[in-house]
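Chemist: How does the following fold in three dimensions:
(chains A, B and C, ligands or ions: 2)
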Amino acid sequence: MKKNFADRFINGIEWLAAIFVGIVALNIFVNVLLRKFFSTSIPDSYDFGRMLLGILIFWGIAATSYRGGHITVDLVWSAVGTSRRRMIDVFATLVLLFVVTVQTAMLFDKVRLTYIDHVLTYDLNIPTWPFYAVAWIGDVCAVILIAIRTWRLVFRPEALHDEHFEQKGGE
Amino acid sequence: MNTDLLALGGFVALFVLMLLRVPVGMAMGLVGITGYAWIAGAGPALKLVGQTSMRTVTDYTFGVIPMFMLMGAFVSVSGVSRELFKAANSLIGHLRGGLGVATVLACGGFAAICGSSVATAATFSSVAYPEMRRFGYPQSFSTGVIAAGGTLGAMLPPSTVLAVYAILTQQDIGKLFMAGVIPGLFAMLLYVLTVMVIVRVRPDWLPRGEVKPWAERAADLKDVWAPVVLFLFVIGGLYGGLFTPTEAGGVGASGAFLLGLVRGKLDRAKIKHALLSATRTAAAVFTVLIGALMFGYFLTITQTPQKLTEFLTGLGIGRYGVLALIMVMYLVLGCLMDAMAMIILTVPIIFPVIMQLGFDPIWFGVIIVMTVELGLIHPPVGMNVFVIKSVVPDVSFTTIFRGVLPFVATDICRLVILISFPMIALWLPGKMG
Amino acid sequence: QEKPAMLKLSSWVPAQHPLNPSLLAWAESLKKATNNTLTATLFPSEQLGKAFDHYDMARDGISDFSYVNPGYQPGRFPIIAGASLPFLFANAKGGSAAIDAWYRQYAAQEMKDVKFCFAFVHDPGTFHARKKILLPTDIKGMKIRPATSTIGQMVTALGGTNVQASAPESRDMLERGVADAITFPWGSIPLFGIDKVVSYHMDVPLYVTPFVWVMNKAKYDSLSLTQKKAVDDHCTTEWAERVATPWAEFEFGGHAKLAQPGHEVYKLTPEQLKAWRDATAGGEAQWAEAVRKTGQDPKKVMESLKASLARYKAAL
Ligand code: NA
Ligand code: NA
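Modeler: Ligands and ions are numbered 1, 2, ... in the order given. Here you go, the predicted structure:
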């Protein structure tokens, strides 16, 4: 299928999230090596680790929301016919859109207050708000992607390619 | 409105939304915040959304989840499951039922480096199922043994579900991992015995595989060093004082990556696949965590956990009666949702009851994970079964469930034994001091 | 007729912690003083929110009263961070009165989003280690779990490495050698089972952690005049000391519990103590820089704290 803007957008987001998960692992690995063999550590390794975790999760949630990869209860959905399924899907996606929009608005508030309150990292005393802001942008992307998903679900259902949460462990 | 009624209404709304396929985490968050706003006002409730979301995703201890997922993803894409199965198969595949036993053993080996039950089941659906079918094993048995073997992924360390239980109840992750070892090995033993009983009852069902010459066997066995090294490094490092549980995950992921790279088993596409799959599953799990915390704050201000504890302890059915009731509830919930979601949703509510009844928190962690894992394979609905079905679409659900039933029976026996003899779980962590 | 109100008190320490009964006694006294119109429910163990968020929770009305460790958010409350500098407080009873009397001058500026009720400290903590620490130079190469970010910076400045972990995780980290030492108050060492894994205890009041008890502003404004007065009467220096005392006694009792075979509790000579003071002086300069940005004169602020400590017989 030809890749349009939304597909490239989503791929870009997923890639960024995936890179962050790699960086979190690398940060831990290097820190353990430094501690074991050189009795030292990456300054603020702990704070960087947890803030990168925040970034990777929010960016990951954006991708997961778009792909329909959240953990869901499929008991009713799998028991009904195609048209009812679509109704359920549209309803669920609208609720998702609502919840994530509220979350994004309130996270903006949180980032704003972190900036105003001048919260710093433990070792290096670097402001923490820029990390929170990057994580928040992931949530903004989630809202955009869920909106695209809703639109596609209603008008172009064939353009969706859902991947359920469980189906990715495999080889 | 009376707070008891409000809490009850909250649960009803939650289940309706979940049945309408609203993502579990989002449904919990929505109901939790709405209920919270009802009692404490919209201002504080909305503030709680931003605060809980940001605090949860930036909590260092939760980093253990994506890290062990990444480790599992790297070992999956580097073909470790295939090597393990080949080795086990090469040793015992020529015996009657040997391929089934080999599947159980390989699942156990894989479980020692992968933290997820569903991932283990998915992996072996593509690795072991075709082999068993090639030698004429019935569809039902082949899928059944994979579904059951998959649950070892969550029992044997490392285990993401056990880690999440530990974080939610403020128990030591290392101790919980240790507590899972003997019950996990015991589960393997019982699965092997189940296969042998089936061989006795239906000898024609599980034919012999091929006999391999010793030279070939040796060749098949030598690939097993990589997962063994990884397991010893990660679990040994965790107990030998090299690192904390979160670090064990990060180091394990890096180690799995390096091993895959050194052995030439990873290319760009596979690395990308592993990173993406860890990110996606982590994001899905964190969504549930955030939602469950919001729902939990709502339950806290309605004081539901305290009231539930009073109610259950006041029933006069004794502590084992209450425990049985709780386990039945988990089996019912197992028809609806995934293990991780179930643990995250229920443990904060149930744990105070268990403490009040004087049960050991480490032991209960093992019991509850086993119960939840049983929910993944018992009919009418089970996540491991769905996953197998998605990898092998030509098998019907009924067939898989028929195959899984003997293993469900041994699982129930195992639960009864573990409840009667808590030492099975507690002996090893007790040795750790 | 007074309008009755229910107050949510939030504390992040576990239910069995000695601070919680003090807070309940405080709430009981407030209830009596308001003719039972102000009743309270205490939510311990982070039931309403994480430890790090307790200040925001009081600000946002998620709780009505919050027990806050301002040090959890480095940089946000620079003035009160002065109290966490090493070698200032000799004890927690007088120390709690002293920090409260001192911080009242600045609370309205630094904690303007909430109604400040009182400030207090725990009984002074020290290094509890797997090997003997006598001089600041011994810290070089050690892996230490610091109590506060101020102590963390001191450790780094002395050439040590910080290992971060929650209080319950600390025992395992020490046992497995991920950390060599911890800074902790005394009574908490046996409470968390850490006495099984460390044997050397430097008997010197190294540091305290400052805490505040704060109230949601809107909640305060919604009260009647007599209720407000009752709350004000419970937000005093006397109450700061009263609430802090049982915990202080519990932590102080740890000295006796640790003085047993297998443990070495050792004092420092005046020269050794001087070496420590000199080696850790850099922390005060860093703190002064942060305070200057708030518009306060760090020298005056520190002198005021020391004067208050002297007045309440809590200076080291
Ligand atoms: Na495992
Ligand atoms: Na089930």
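Chemist: So what does residue B:316 look like in phi/psi?
Modeler: Note on residue B:316: its backbone torsions stand at phi 70, psi 30 [degrees, to the nearest 10].
Chemist: what about it, neighbour count?
Modeler: Residue B:316: 7 surrounding residues under other Cβ atoms under 10 Å in any protein chain shown. Any C-beta I mention is one placed from the backbone N, CA and C, and that applies to glycine too.
Chemist: what about stretch B:186-201 and ligand 1, any contact?
Modeler: No - Stretch B:186-201 does not reach ligand 1 (Cβ under 5 Å from the ion); its nearest approach is 11.7 Å.
Chemist: all helices of the stretch 101-250 of chain B, in order?
Modeler: Shown for the stretch 101-250 of chain B, the helices assigned by DSSP state H, counting those that start in this stretch span residues B:117-134, B:139-150, B:152-155, B:160-168, B:173-201, B:214-222, B:225-239, B:245-262.
Chemist: With distance to chain A and mean pLDDT as new columns, can the ones you listed be given to me in TSV?
Modeler: TSV is the format used below for those (distance: least, Cβ to the nearest Cβ, whole Å; pLDDT from 0 to 100):
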stretch	distance to chain A	mean pLDDT
helix B:117-134	3	90
helix B:139-150	9	94
helix B:152-155	9	93
helix B:160-168	11	92
helix B:173-201	15	94
helix B:214-222	18	88
helix B:225-239	8	89
helix B:245-262	3	94
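Chemist: In contact with the residue in chain A that ligand 2 sits nearest to: list those residues for me.
Modeler: Among all residues of chain A, residue A:75 sits closest to ligand 2, at 10.4 Å; criterion: Cβ to the ion. Applying Cβ atoms under 8 Å, 6 or more residues apart in numbering or on different chains to residue A:75 gives the contacts B:19, B:335, B:336, B:381.
Chemist: The last one against residue B:335, yeah?
Modeler: Yes - using Cβ atoms under 8 Å, residue B:381 is in contact with residue B:335, at 4.7 Å.
Chemist: So for those two, which residue has more residues nearby?
Modeler: Neighbour count, other Cβ under 10 Å: between residue B:381 and residue B:335, residue B:381 has more, with 19 against 14.
Chemist: The more buried one and residue B:17, how far apart?
Modeler: 18 Å (Cβ to Cβ, to the nearest Å).
Chemist: Ok, residue C:304 next?
Modeler: To residue B:17, residue C:304 is 56 Å away according to Cβ to Cβ.
Chemist: One more: residue C:139?
Modeler: Residue C:139 is 54 Å from residue B:17, by Cβ to Cβ.
Chemist: picking that back up, tell me the secondary structure of the residue of chain A closest to ligand 2, please.
Modeler: Following DSSP: H, G, I helix; E, B strand; the rest coil, we place residue A:75 in the coil state.
Chemist: Please narrow the contacts of residue A:75 to those residing in strands.
Modeler: Among the contacts of residue A:75, DSSP state E puts none in strands.
Chemist: out of those residues, who's nearest chain C?
Modeler: Lowest distance from chain C to the contacts of residue A:75 (Cβ to the nearest Cβ) belongs to residue B:336, with 26.5 Å.
Chemist: Am I right that that closest one is in contact with residue B:18?
Modeler: Yes - Residue B:336 is within contact range of residue B:18, at 7.2 Å (criterion: Cβ under 8 Å).
Chemist: If you count surrounding residues, which of those two has more?
Modeler: residue B:18 (26 against 17).
Chemist: Helix or strand with the lowest mean pLDDT in chain C?
Modeler: Ranked by mean pLDDT, DSSP states H and E, the helix or strand of chain C with the weakest confidence is helix C:167-175, at a mean of 79.
Chemist: which helices and strands sit right next to that helix?
Modeler: For helix C:167-175, the elements it packs on are strand C:143-145, strand C:181-184, judged by 3 or more Cβ pairs under 8 Å, 6 or more residues apart in numbering or on different chains; DSSP states H and E.
Chemist: can I get those strands in a markdown table with distance to ligand 1 and mean pLDDT?
Modeler: Output for those, formatted as a markdown table (distance: least, Cβ to the ion, whole Å; pLDDT from 0 to 100):
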| stretch | distance to ligand 1 | mean pLDDT |
| --- | --- | --- |
| strand C:143-145 | 29 | 93 |
| strand C:181-184 | 31 | 95 |
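Chemist: ok, residue 83 - how many residues close by?
Modeler: The chain I'm using is chain A. By other Cβ under 10 Å, neighbour count at residue A:83 equals 8.
Chemist: I was after chain B.
Modeler: A total of 24 residues lie near residue B:83 under the criterion other Cβ under 10 Å.
Chemist: State the pLDDT value of residue A:162.
Modeler: We note a pLDDT of 64 for residue A:162 in this prediction.
Chemist: Low-confidence stretches in the chain?
Modeler: Chain wasn't specified; assuming chain A. Filtered on pLDDT under 70, chain A yields the residue ranges A:1-3, A:159-171.
Chemist: right idea, wrong chain: chain C
Modeler: Segments of chain C classed as low confidence (criterion: pLDDT under 70) are C:1, C:168.
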